[in-house]
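Novice: Give me coordinates for this.
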Amino acid sequence: DIFSISLFVKKYNESAKHFSYPLNNEFKFRENEKKKLYESIASNPITVVRGAPGIGKTRIATEVLQEYSKNENCRVVAIRSLTNDILPKLRMILGEPDTNYILFFDDANVSIKDDTLLTKLLEDNPSSLKVVMTVKDHAYSDLADSLLEYKPKTLELKAFTNSEIEDIISSEPFNIDIFTIKTHISSLVAGNVRLAAMMAKVVSEKGYKQLINSIEELYDVYFKGLYKTKDETELKLLSVLSVFRSLEFGTDNTDEILKTIGIDIEKVLDAINTLDRKDFIDVRHSGDKIIARISDQNIAAYTLRNFVIGQGVISFTSIFRHYFKQWHRLIQEAIYQANYIPHDENFNDSIHKLLIDYLDNIEDDEELTRTVYKDFWAYIPDEAFQYWNEIIQSVPKVSCESITTSYSLNQFSFHQDEVLISLMLFLASGKEYCELSLELMLDYCHRDVNHLPELAYWLKERTAYEPTDVECQLPMMNNIVDYLALRIIKGDILAKHL
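Specialist: Next up, the predicted model:
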């Protein structure tokens, strides 16, 4: 679980040969972002690279870290899974005198199992340690909250343009040079270079004359033949790993998970060996224990979507009921990763039903209920609005003699209002949800006007954008301004202040 940056890239590429986009392909189109990331690492203790799945977060991070380590005489240590087990070894490595280190966490919301462990490392090495991490957009808020006191610098990556995707797949190792095929691929993948690589690989290696016409078809074709096994233990084990990503076999915790899911422990070793030979999982030995990890996030996404949710090979409801409280980050990541087909009503309906069932099961646990609404608002938007509205209606009205929207620079860095932060997530989800969230947030501020400065702060943060982000951000800004203008016409003094 601890690698040099070069070994991390090598291990990643070994899996990428079969399932993903390698990290040693030519670096293209992001020289400006590369410069910003380099400068951020140099001047900040923690740098976060965020963005949508498959747009090159790991690629740019490893590119810059390898260059930075050579130029700045420091060592980069990549951590695949930060747990108590590796903490002593990691502390010994970081304890070397006169050496500066950078810890790299890819998919940090998954690789950092316990936020307090990272805090301990930073406290132990306040001046000689930097941290670089990647995180997908859906998990950013939760991760950022846990790092507030360190004031992390965030670099937000945007998707590649269609012309950039076409250039990438016309280069080595894909060499797609037929114009109609390149444009067809770029139109389907929406700037996702991982999906573009998968589609180009199908076209160049498998010789499909009939072009793939959807992302769902791409996954089915790409993984066709890989899932020929009818062995129940293999399918169940791969399904469990699609959720938990890695498990340490031979421990009471894993045995309990296997028992809950209905996996015969006596057959697990044979299943591990078979899946390892097929490159579905990576296996390593630690004493008398075996650590198995699913080898690629594409496999995890396809397995969860088709075998867990689609065919019910294992009970996702059972996983939620037994393990969501402890592993909510992993489960959130697994679901969002598997939702690779836009606007798939069947998938969304399945997750919606699962979440509503779980919420009914935990109705007396307020903290866990809030976690579900924060993690999965996109799948249960109407229920989330109702929930937050009930919270707002319970807030007593506070009288106030003056109204202000002013705030100090870092006023909300260490304390963020949970209601506002949660409702802010809806602003970019279309006009209807944008207006509903603004309506609730203004109602919240009318009950206690002291929340108004924070609302002003977050609205400013959400509506600030670079010229290159116009297509994405301008519709949201228009929706916000239009709604506030309507409220001003109706005499809403708080909207006027905003």
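Novice: what about the stretch 301-450 of the chain, any weak spots by pLDDT?
Specialist: Across the stretch 301-450 of the chain, the ranges flagged by pLDDT under 70 are 342-343, 409-410, 413-414.
Novice: What are the boundaries of the helices in it?
Specialist: Counting by DSSP state H, counting those that start in this stretch, the stretch 301-450 of the chain has helices at residues 316-338, 345-361, 366-375, 381-393, 418-424, 431-447.
Novice: Quick check: residue 462 touching residue 425?
Specialist: No - assessed by C-beta atoms under 8 Å, residue 462 is found out of contact with residue 425, at 9.9 Å. Every C-beta, even on glycine, is put in place using the N, C-alpha and C of the backbone.
Novice: how about the helices of the stretch 301-450 of the chain in TSV, adding mean neighbour count and distance to residue 147?
Specialist: What follows is those, written out as TSV (neighbours: other C-beta atoms under 10 Å; distance: least, C-beta to C-beta, whole Å):
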stretch	mean neighbour count	distance to residue 147
helix 316-338	19	14
helix 345-361	15	27
helix 366-375	17	17
helix 381-393	17	25
helix 418-424	19	15
helix 431-447	19	25
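Novice: Same list, those, but as TSV with distance to residue 232 please.
Specialist: Shown next, in TSV, are these (distance: least, C-beta to C-beta, whole Å):
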stretch	distance to residue 232
helix 316-338	16
helix 345-361	22
helix 366-375	31
helix 381-393	35
helix 418-424	41
helix 431-447	42
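Novice: So which of these is nearest residue 271?
Specialist: helix 316-338 (18.3 Å; C-beta to C-beta).
Novice: Show me where the stretch 1-150 of the chain dips below the pLDDT cut-off.
Specialist: Ranges of the stretch 1-150 of the chain meeting pLDDT under 70: 15-20.
Novice: same thing but 90
Specialist: 1-3, 9-28, 51-54, 73, 80-100, 107-129, 136-150 (pLDDT under 90).
Novice: Helices along that one, start to end?
Specialist: Applying DSSP H, counting those that start in this stretch to the stretch 1-150 of the chain gives helices spanning 5-19, 31-43, 57-72, 87-94, 108-111, 115-124, 137-146.
Novice: so which of those gets nearest residue 360?
Specialist: Here helix 137-146 is closest among the helices of the stretch 1-150 of the chain (C-beta to C-beta), at 23.7 Å.
Novice: in its sheet, what does the very next helix or strand once past the closest one sit against?
Specialist: Sequence-wise, the next helix or strand downstream of helix 137-146 (DSSP states H and E) is strand 153-156. Paired neighbours of strand 153-156 in the sheet (DSSP bridges): strand 46-51 (parallel).
Novice: before we move on, the earlier item: relative to residue 237, which of the helices of the stretch 1-150 of the chain is closest?
Specialist: Nearest of the helices of the stretch 1-150 of the chain to residue 237, taken as C-beta to C-beta: helix 5-19 at 17.6 Å.
Novice: As a quick check, tell me the outermost residue of the protein.
Specialist: The centre of the chain is farthest from one residue, residue 401, which by C-alpha atoms, centre = their mean lies 43.2 Å away.
Novice: In space, what's closest to the most centrally placed residue in the chain - neighbours in sequence excluded?
Specialist: For the chain, the residue nearest the mean C-alpha position is residue 136 (2.9 Å; C-alpha atoms, centre = their mean). Residue nearest to residue 136 in three dimensions, not counting chain neighbours: residue 53, with 5.5 Å by C-beta to C-beta, 6 or more residues apart in numbering.
Novice: residue contacts, that neighbour?
Specialist: By C-beta atoms under 8 Å, 6 or more residues apart in numbering, residue 53 lies in contact with 136, 192, 194, 297, 336, 337, 340.
Novice: Quickly note the distance from the nearest residue to residue 324 once chain neighbours are set aside to residue 485.
Specialist: Closest residue in space to residue 324, ignoring its immediate chain neighbours: residue 331 at 5.7 Å, by C-beta to C-beta, 6+ apart. To residue 485, residue 331 is 41 Å away according to C-beta to C-beta, to the nearest Å.
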